[in-house]
Structure formats: C-alpha cells, structure tokens
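**Student:** Structure, please.
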Amino acid sequence: SINAEYMGEGFESELRELNSKWELLLTQKNSMQEHLEILGKEPEFFSGDDSVGVRRPGSVEEDLGMRSGGLRYMTGVISTAQLGLFERLVYRVTRGNMFMRTAPAQNQFEDPATGNKIDKTVFVIFVSAQRAHDKIKKVCESLLATLYPYNIDNREEVQKMHIHVRDNLADLENTIAGTESVRDKILMKIKENVYQWKKTVVIEKSVYNILNFLSFKGQTVVAVAECWVPKNDVGRVEDALHEAERSSGAQVQSFLEAIETRDKPPTYFKTNKFTASHQGIVDSYGIARYKEVNPACFSVITFPFLFGVMYGDIGHGLMITILAAIFIWKEKKMLATPLNEIIALVFGGRYILIIMGIYAIYMGFLYNDLFSLMVSFGEPYWMFPKDYADAKANCDDGYLVWYGANASNVRACKKQNGSPYLFGIDSAWAETENKLEFMNGLKMKMAVILGVIQMTVGLVLQCFNHVHFKDTKHIICGFIPEVVFLLCTFGYMCVMIIIKWCINWPSRMLNNLSPPSLLETMTNFFLTPGSVKDDKYLFASASTQNSIQTILLLVAFAMVPILLIPIPVIEYRHHKHSSYGQLKHVDEPNEEDPGHKGEKSGHGEEEAFDMSEVVIKQVIHTIEFVLGCVSNTASYLRLWALSLAHAELSEVFWNFAMMKTLYMDTGYGFMAFVGWGAWGGATVGVLGVMEALSAFLHALRLHWVEFQNKFYYGDGAQFVPFDIEKLIPSPHESSTDE
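**Tutor:** Predicted structure coming up:
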C-alpha cells in the first residue's frame, strides 16, 4: 500500500512535469507553424492586386493597391472562428482607412489545453497612420491573434527566415516526439500497475469500512464485532480467527460467541451456477423471510414446465436447447470475454434456457408439433374409411352401432383391435377439419388442471410455513378453509374434466345421453345449484350429481365465515392477554436481568394493536382469496391461449411463407429459396425470440402472482457477507474503466 502510494506520487510528478513541458513545446510548435504559414505565402498575397482576393469589410470602395511605400502593415494569424469579429473591429477602429487580405491556413493546429484541432486564417493589414496601427495591435491582443514579422520589400530575407523557422520546427518536432515517447513509457508502467493499485485501494477501503462497524471496549481496547454467520459456517469462522491470530502474532485471543437478539435474521440460500438464476428470479419478487419456504426449490421445475406448455414445439424447443448448450459449452471462454448487454443477459440465463428448451421439446412431443407439422411416431389409433365396406371391415363395432342407420356416412372411427397412440396427440388429427376445435378444448382443460394443481401446492406450502412458525390459528382458520374452498369449487371442475375424458361417449350416446358443457355446468353450479339435466350428467345419475354439487357449494360457502371471523377474534384475545402480562411484569421488575430495562428502546417499540385494522385486513384477505380463486384460475388460461397462438402462428408461417412459394416456383428453385428464407427469418425472429420472450414473461407472472402470493411474503432481508473477492474488480473491468 505504501509502495503503491510512493510509486503513484512519483509517476504523478513526472507526468505533471512532462505535460507542462509538452504543452510549452506544442505552443512553440504552433507559433512556428503559424509563422511558416505567413512566410510560405506568395508575394502577390501582400500586394494590392484585387485579382488575388481582397476582402474589404463595410463599404470601402477606393483602390488601396499600394505595396509598402508610405504605408504601415502587419501580418499575423487568427482563429477562423474569430475572423468575422476581427474584420468588423479592425474596420471600426480605422473607420475604413485600411486594406486587409486573408487566406485560410493550409494546416490545422492542435490546442495544447484540449487537444482539439483548430482552423486558423492568415491576414495582412495595411494602414497609413501609426495610431491606427497601434489600435489594430490592441485588437489582435484581445482576440488572441498572433503577429509575426514579414519584410515585404526584401524577398531574400523572407526566404532565409523561412528556412531558419522550418529547421527549428523540425528540431522542435523531434523534441516533442521524444517527450511523448517518455510519457508513453511512464503511462505503460502505470498501466501495468493500475490494476494492482485499484485492487489494493478497494481492499483497504472495504476493510476500513468494516472496521467502522466495530465497537471498542475496555482499557485494552478490545474490538467487538456483531455479525450474522450461517450456522454451518461457524466452524470456518473460528478457524479463520485462529489463523489470523497465528499469522499476526496476536497476544490477545479471539473468540466467537453466539448472542441472543430480537432482530430478524437475514435470509441466506446457498446456490450454485445452476440454481443461482432461478433464485435470482424469486429474489426479484422479494427476499424470503428467515426460514420461510423458498419458491425457487419448486420453480426450478415448474417455471420451465409452464414455459414449455405455452411454447411446446419440438423444433422451436430444439433451437433454444442448442443455443443454451452452446453457451454452456463456451462458458469459460465467454465469462472471460466482454459481451454485448443483450447477449450477456441471455448468457446469464443459460441454465434456465436449457431446461426451458427441454420442456418445450417434451411438450412438443405431447402436442405432436414440429414446426407446426404433425409427425407420426407410431400407428394411428383413428382411421378415415373410404366407404362403408372399409368402415365395416376396419372400424370398431361400437362406432358402427353409434352411427346406426347412417353407418354408410362414417367419416372417422377407431380401428378394430387398435391400441392408443404411442405418446401424445394422435397424428390422425392432422387430417381432420376440427383439429383446431379439439386442440382448443384439450389445451384449455389442461391449463385449468395445471393451474388448480399449482395453486393447491401453494396453499400446502403456506401450511408448511404455518407449521414451522407454530402458527396454529392460521392453519385451522386460514389454510384449511382456503384449501377446502378451492377444492370444492375449481377442484371439482378438474374432477369433472378428468371424468369427462374417461367416459365412453359413443356407448352413452346410444342411450340418448350427450356430453355436458363444463362451462355451463360450472356457471349453474354457482348460480342455480341442483339444475343438472337428466340427459347431461357425468356421475351415476343427474340426481347424484345435483346432490354432490349442492353439498360442495354449501361447504365452500361455509368456509368463508371461518376464514373471516376467527382470526381477528383470536388476535384480539391474544393481545388482551399479553397486555395484562406486560402490566404485571412492569409491576414486578426482575432485578436479575439488567438488560431488560433497555431491551425495548434498543430494539424499537412494538406496534400498537388496532382491532379495526386487523378486521379490515382480514376482510380484504378473505375477499381477495375468494375472488382470487376465480381470477387466478382464469389467469392460468394464458397457458391455453399462448400455446394455441404459438401453434397457429407457426402454421401460418409454414403455409404462407413456405408452401405458397413452393407452389409458385417454376423449377429453378428461386422462389423456394425466397420462401425458405422468409420462413426461417420469421421462425427465428418472431417464434424464436418474441414468442419465447412472451412465454417467459407469462410464466414469470404465473409464478409471482398466482403461485407465490398463496404462501410467500417476500419481505425479508438478504444475507450479504463481506467478500473481498467479489469487491475486487476483474482485470477486464479495470481495463474497460481505463
């Protein structure tokens, strides 16, 4: 540290001295170049011939074409930016009794102070009176115009002076180059040491900053530091203290002691490079309370899975997976290389991307979608008979009976002795007219089931929090009524969806029973309970389903007062009891506890209990949960909407960008090449980037709003340990700052 300071001061003094000399030399160089600009002008420039280019400010019209006899003259150089003002001032102080000629300098001049290039102009002025000559000199001084000698009547003297100034300028340029070379060497030495100096400064500054938090007690000046330490790392801290004692030769022993405190501990989750990005997403919402359930443990799987539900396509998922795999493969090289801001953002989420891509591929197999095309992974379960004979020979008998008298019009049926499709959607749906309607219903129902499952998991995690913090009242009067309400309403809807999928409707329709509309059933469930029609039911009979729905609705409504009333009453009774205990404790102080007196003032006073505030808070929570069950379930329909939109958009790009251009091709392949380029650009730009970003943001919203708000408070403080390695800038950052 001391050596770095001495070296820095030495380099600074050398640089200051060199810079001052360099500025002086550059000023002299500019002066010589200005003089050369004057000496290099042709003799005609200093004559009164108008053909050379005379400038006459104002309204001077008389011919002043006199050389030197009887006239006084001066030559100099002025900044081109000041030329207009200079001409006006000269004209005014001489009242027009002058002759002036100007010409731009051939070279630019470097400003010693700023380093900027400046344009300048050469001028010559002829006047007749000494007084006017003196006035013009004062104008030149005020506008920083420089005057130089020039003998108009002796051309030989001018040439000698030109050679002399040119030779001096060459010597001066060599001197300046040598000065700059010495300065560059010093700067290179500084560059070699600047990272180490910066590292030293950061370390010392951070250490002194931490020392400012220590308190010093006793005559021997004992330093006391209060800090948070992860329980698993207590041994490491003790080993570090002992190592510091040994290496420093300390005569006073250091020791670590746990103390009791009412302060809330900070939250610390140990992560690695795979889980750090997932934890970062959760921390962006809020830091978990101490020992609260960490949503990142679940979002590692659920977040990329919900992304895959919305983005499910084998080809598009493979694109994301390959990109993330390349980032992971080149990880070490890219970490050591400066990256573009957008690329650095994508690179930072490489481990999330690869899981998102894998789940997108998985859901693509489930949807049987490869760049909007269905792929056959096995024998289809469905068939499309050509005629009645084909249907009678190959179709399942149940479908022939179902069609009855219209059996000759069989258009689709299950194969005889066929088996369900190997995995995902049957490829036979690719040839149907109602494919969109089928996929629409399937994805919508799947979105509702996934949403209710994730919300139920969120409520279960809420119960885990209550159990850990031993909050019995919120388990009995919070978790239980909430989960019962959710399962009796939208959980029942999920059960109906699964039952409807499992029923053999062709055989039921032979008995004049048709599949009910689940949307209509759920609407009647809340508005007109017990109104299930006799020909549209899912359970054993319509009366059985009516009874089940009535019971579930009554149980769900019964949960609302349980959720609303008991918790404010329990908190009021608890506050009343604790207030009585505090009064009794004040009347009988404990003299054996000397720290009790200052405990309240040291940790802050407890908030005053307000019954009205507690009631209002519980009412808002109850209303928010009841309405949230509806809105959150509806919010999960974005899984259906984005998945359907992604598939349809992909199909549109394929049909209009690829297929239409193939039909337009004349055999030379030009239109096919154009179509392939348009389809590839749209696939990468729109589906690969914009759609992926949209699905990412929607998955993020589902986790933050619909999932985490069921159990996650996110109002804790993050544990930020003192880590010198993280404070030290990397060599790349240091060079970038320079």
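**Student:** how distant is stretch 412-425 from the center of its chain?
**Tutor:** From the chain centre to the centre of stretch 412-425 is a distance of 46 Å (CA atoms, centre = their mean, to the nearest Å).
**Student:** so for stretch 204-214, what's the average pLDDT?
**Tutor:** Average pLDDT, stretch 204-214: 86.
**Student:** what's it in contact with?
**Tutor:** Ser1, Ala223, Val224, Ala225, Phe722, Ile724, Leu727 (CB atoms under 8 Å, 6 or more residues apart in numbering). The C-beta positions use only the backbone N, C-alpha and C, and glycine is treated the same way.
**Student:** and the two most separated of the residues you listed?
**Tutor:** Greatest spacing in those, by CB to CB: Ser1 and Val224 (26.0 Å).
**Student:** List the residues that contact Phe327.
**Tutor:** Applying CB under 8 Å, 6+ apart, the residues near Phe327 are Met334, Val346, Phe347, Arg350, Leu353.
**Student:** pretty sure the last one belongs to a helix, no?
**Tutor:** The reference is to Leu353. Yes: assessed with DSSP: H, G, I helix; E, B strand; the rest coil, Leu353 lies in a helix.
**Student:** how about the nearest residue to it, chain neighbours excluded?
**Tutor:** The shortest distance from Leu353 to any non-neighbouring residue, by CB to CB, 6 or more residues apart in numbering, is to Ala324 (3.7 Å).
**Student:** about what we covered before: can you tell me which of the contacts of stretch 204-214 are buried?
**Tutor:** Among those, not one is classed as buried by 16 or more other CB atoms under 10 Å.
**Student:** Next SSE downstream of the least confident helix or strand in the chain by mean pLDDT?
**Tutor:** Least confident helix or strand of the chain, by mean pLDDT, DSSP states H and E, is helix 599-603 with a mean of 40. Next along the chain after helix 599-603, taking DSSP states H and E as the criterion, comes helix 611-635.
**Student:** what's next to the following helix or strand past that following helix, contact-wise?
**Tutor:** For helix 611-635, the following helix or strand on the C-terminal side (DSSP H and E) is helix 638-653. Outside helix 638-653, the residues that touch it by CB under 8 Å, 6+ apart are 306, 309-313, 316, 367, 369, 371-372, 436, 439-440, 443-444, 446-447, 450-451, 679, 682-683, 686-687, 691, 694-695, 698, 702.
**Student:** Give the helix, strand or coil label for the residue found closest to Thr544 once you drop the neighbours it is linked to in the chain.
**Tutor:** Closest residue to Thr544 apart from its sequence neighbours, by CB to CB, 6+ apart: Tyr537 at 7.8 Å. Secondary structure, three-state DSSP: Tyr537 is coil.
**Student:** The residue nearest to Leu353 and Lys332, how far apart?
**Tutor:** 16 Å (CB to CB, to the nearest Å).
**Student:** repeat for Arg72
**Tutor:** Distance, Arg72 to Lys332, by CB to CB: 78 Å.
**Student:** Under the pLDDT cut-off, which ranges of this structure? List them.
**Tutor:** 1-4, 48-70, 218-220, 397-411, 510, 578-608, 665-667, 730-738 (pLDDT under 70).
**Student:** Tell me where the longest helix sits in it.
**Tutor:** The single longest helix within the chain, with elements called by DSSP state H, is helix 155-211.
**Student:** How far does it sit from its chain's centre?
**Tutor:** Offset of helix 155-211 from its chain centre (CA atoms, centre = their mean): 41 Å.
**Student:** Strands of this structure, start to end?
**Tutor:** Along the chain, counting by DSSP state E, strands occupy 72-79, 99-104, 109-110, 117-118, 120-127, 146-148, 215-217, 222-224, 382-383, 413-414.
**Student:** and Leu627, how far is that from Phe525?
**Tutor:** 17 Å.
**Student:** So the two - more neighbours on which side?
**Tutor:** Neighbours were counted for Leu627 and for Phe525 using other CB atoms under 10 Å; Phe525 has more, 23 against 10.
**Student:** if we can go back for a sec, when Ala324 and Lys332 are compared, which one has more neighbours?
**Tutor:** A count of neighbours by other CB under 10 Å puts Ala324 above the other of Ala324 and Lys332, at 22 against 8.
**Student:** hang on, that one packs against Arg350?
**Tutor:** Yes: counting by CB atoms under 8 Å, Ala324 touches Arg350, with 5.0 Å between them.
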